[in-house]
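# Sequence first, then the predicted structure:
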Amino acid sequence: MLSMQLLDPAVKRVWMIKGLLGWGICLLIIVTIDIILFFSNNNLFFPGFWTTVSASLCLLWILIIPRLRYRFWRYQLRDDDLYAIRGIYNRVQTIVPLRRIQHLDVEQDLIEENFNIARLVVHTAGTRSTDVVVPGLHYDEAVRLRDTVRDFIARSID
Amino acid sequence: MEAPSAEFLRLHPLTIVHRVFIAIAAFVYGSFGMVLSDAPQTSLTTALIFSGVFFIGTAPFAIANYIRFRYYATCDELVIFYGVFKRVKRNIPTDRIQNVAIERSLLSRVLGTASVKIETAGTSEAEGVISYVSNQEAKRIKNILQTSNAPEKRETDSSELTGFRMSLKRVTLSSIYQFSLGITAFIGAAIPPLDSVIDQIRAFAVRLVGQGPFRLLANLSPEMNAIIILMGIGTALVIIGWVAGFVLHFIRFYNFRMDLSPEKIHRQFGLFTTVDASLSYKRIQSFLIRSNLLMRLRKWYRLDLQTMGFQSGQQGFQPAMPFARWSEIIQLAPQIRSFILPDTYTSVSQRTIRRHSFRYSLIILIPTIVVAMVWTPMALWALSLLPIGWIISLLQYQHHHWALHEGHLFIRRRILSQQFWIIPVERLQAIEIRASFFQRKLGLCTFIIDTAGAGSFSRYPRIIDLHREDGHQLLDILYDQFKSTGKPYLIKNRLSY
């Protein structure tokens, strides 16, 4: 049996950039509030306190979370199912039997495209795990997985 | 896009009457809200003008919609052609259809029309709605779509099949146990700021019966007044919620009947809006037997069927026996899908009590600490709530059992609104084992089995706080059973790459 696969290491940088973009909006708002506080002489601590705190949190988040997510993400396409383990706080193991898959997508956004990374989205008819997403796959690996699953389903129908 | 051919049929001409009626109802409702509000006269007039313009503006749209809407039903597919600005031709292959329901509102019954709802798997709403056609036409569409859907004939001897009916007495009795939280919350939210209410009620009471018992109200301290009035409002809301629950349940399940035929499950129910739906046995994913605390005290339960298609407002669950005795359910449900109840059930790990007690203690302690900063005596009183957290955790543990028996997973959980799941192993869509940080420290996990149906926030089968080893053992056994059952359960037409 094949061992569990890791994601493509480039996904860490993708998650860092996405984290930076997400946090960037919050940071902009906090910087604006700090500037307003500075000019209204209403500083609770020193000027720029909230910006410093948020920027430090943001930095910590961006440096730590993607690495941890990457470290705990494992997947394996087995004979009959797709098996995935993931999660930092909540460790989740999911088994999706291949014969339950309704359709498959290989998705890529602009940042992922730049790193030649893709997501395999597996749709079932389930209530909770309707979309099981395996992120951070090398594009060729994502296509290979999709084709393997597709062939399995085609064989099952025949 | 190709134009509709001569085969296409139109909706019933009275559809426009329906649309106009709905528009008028919306208009009256909107105006009613305006009249009730304290809006100045000028803004009320403006609102009325805008509502009028909106009403006149939407009328041509309703007519255009009627003109554009065409459909035809064959043994292979249902084709609907609709849309004014965005024109859509929708083909729904009959083998994808999960359920066909005929709905008739009070107005429909007066006008002799009906609405046909076609449900397919994997969508959160009806994929095709034909409203409105004549009642005969609705039945014709239903027959075409369902006879061509070739349901599997069941091996069960048809003479064994029975059904379920709710007499007027039972519908009334079942309605007594209902409470509409939604309507209570809606009315509660509509109550204006409390100060003004208290002042108005006081003034009203003093003016109305200045010399009567209400005089006491005027003499009490403002704090006591507020407490009494708050209790009064609370009681009124509870009564409103109960009455609303009674009325809604009674209207919905009036004359409920379910008949089991060898091919289908037929259900009919409703007082004003009647639903006539039939469901193929193979569409049923799992059983859910529910009861609230009051129902359980009087030994009443409710059986729902989880299906792949959706039924409006039911979150993927369709009522099969809205109010029945346990023995009735256990007699009828195996006729829908065979199962044998296990003799014994397994409890989850006792460590769940520790984990949940800790969680509830935090929920109590964090606000208490905040309160302690401003009002220490009150905070000390709040500490007396801590044992309640432990009691709830203990009760949750005592009410949470599971069993894997004869190809079915049985899960019982929750204290107040209890759920009892019966899940055929061959119906599972995915299996998930979750373990939070604290669960990992205690060697526990949550076992989740995913079945097909519409999305639901709280209703899904799971075993919370199993021993980690038990969880993995269950996964292995269950998955082995799954692999050895059935053929691939795929809907060809939905496959896309």
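Ah, there it is.
# Counting by contacts, list what the helix or strand harbouring B:Arg434 packs against.
Using DSSP states H and E, B:Arg434 falls within strand B:428-435. Judged by 3 or more Cβ pairs under 8 Å, 6 or more residues apart in numbering or on different chains; DSSP states H and E, the packing partners of strand B:428-435 are strand A:91-97, strand B:444-451, helix B:468-483. Using the backbone N, CA and C atoms, a C-beta is placed for each residue, glycine as well.
# Make CSV from the ones you listed and add mean neighbour count and distance to B:Met258 to it.
Shown next, in CSV, are the helices and strands packed on strand B:428-435 (neighbours: other Cβ atoms under 10 Å in any protein chain shown; distance: least, Cβ to Cβ, whole Å):
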stretch, mean neighbour count, distance to B:Met258
strand A:91-97, 20, 32
strand B:444-451, 24, 21
helix B:468-483, 16, 29
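# can you tell which of these is closest to B:Gly270?
Smallest distance to B:Gly270 across these (Cβ to Cβ): 27.1 Å, for strand B:444-451.
# Can you get me the centre-to-centre distance for the closest one and its chain?
From the chain centre to the centre of strand B:444-451 is a distance of 22 Å (Cα atoms, centre = their mean, to the nearest Å).
# same question, stretch B:9-26
With Cα atoms, centre = their mean, you get 27 Å for stretch B:9-26.
# sorry, back to before: state the mean pLDDT of the strand holding B:Arg434.
Across strand B:428-435, pLDDT averages out at 91.
# Quick one: closest of the helices and strands packed on strand B:428-435 to A:Arg74.
Nearest of those (Cβ to Cβ): strand A:91-97, 9.3 Å.
# Could you list the paired strands of the helix or strand that comes right after that closest one along with their orientation?
Downstream of strand A:91-97, the first helix or strand assigned by DSSP H and E is strand A:101-107. Strand pairing for strand A:101-107, using DSSP bridges, gives strand A:117-124 (antiparallel).
# quick one on the thing from earlier: go through the helices and strands packed on strand B:428-435 and name the closest to B:Ser175.
strand B:444-451 (29.6 Å).
# Save the helices and strands packed on strand B:428-435 as JSON lines, and put in mean pLDDT and distance to B:Leu14 too.
What follows is the helices and strands packed on strand B:428-435, written out as JSON lines (pLDDT from 0 to 100; distance: least, Cβ to Cβ, whole Å):
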{"stretch": "strand A:91-97", "mean pLDDT": "92", "distance to B:Leu14": "48"}
{"stretch": "strand B:444-451", "mean pLDDT": "92", "distance to B:Leu14": "40"}
{"stretch": "helix B:468-483", "mean pLDDT": "92", "distance to B:Leu14": "50"}
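# count of residues packed around residue 56?
Looking at chain A here, since you left the chain open. Here the count is done by other Cβ atoms under 10 Å in any protein chain shown, and A:Ser56 has 10 residues near it.
# Switch to chain B, please.
Other residues near B:Ile56 come to 10 when the count uses other Cβ under 10 Å.
# How about B:Arg283?
B:Arg283: 23 neighbours (other Cβ under 10 Å).
# Now do the phi/psi pair for it.
Note on B:Arg283: its backbone torsions stand at phi -80, psi -10 [degrees, to the nearest 10].
# circling back to that earlier point, following the strand holding B:Arg434, which helix or strand comes up?
Next in sequence after strand B:428-435, counting helices and strands by DSSP H and E, comes helix B:437-441.
# For that following helix, output the C-alpha coordinates as CSV.
Output in CSV follows, covering the C-alpha atoms of helix B:437-441 (Å, rounded to 0.1, in the frame of the first residue of the first chain):
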residue,chain,number,x,y,z
PHE,B,437,-7.0,19.3,20.9
PHE,B,438,-8.8,18.4,24.1
GLN,B,439,-10.3,15.2,22.6
ARG,B,440,-6.8,14.1,21.6
LYS,B,441,-5.5,14.7,25.1
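# can I assume B:Ser361 is in contact with B:Ile388?
No: with contact defined as Cβ atoms under 8 Å, B:Ser361 does not reach B:Ile388; the gap is 10.0 Å.
# low-scoring pLDDT stretches of chain A, where are they?
For chain A, the stretches with pLDDT under 70 are A:1-2, A:42-44, A:127-130, A:157-158.
# Show me what from it comes close to chain B.
A:80-81, A:87, A:89-97, A:99-100, A:102-104, A:123-130, A:132, A:146, A:150, A:153, A:156-157 (Cβ under 8 Å from any Cβ of the partner chain).
# secondary structure element for A:Phe152?
If you go by DSSP H and E, A:Phe152 is part of helix A:139-157.
# angle of that helix against strand A:101-107?
Helix A:139-157 and strand A:101-107 meet at an angle of 160 degrees, taking axes from the mean of the first three to the mean of the last three Cα atoms, to 10 degrees as the criterion.
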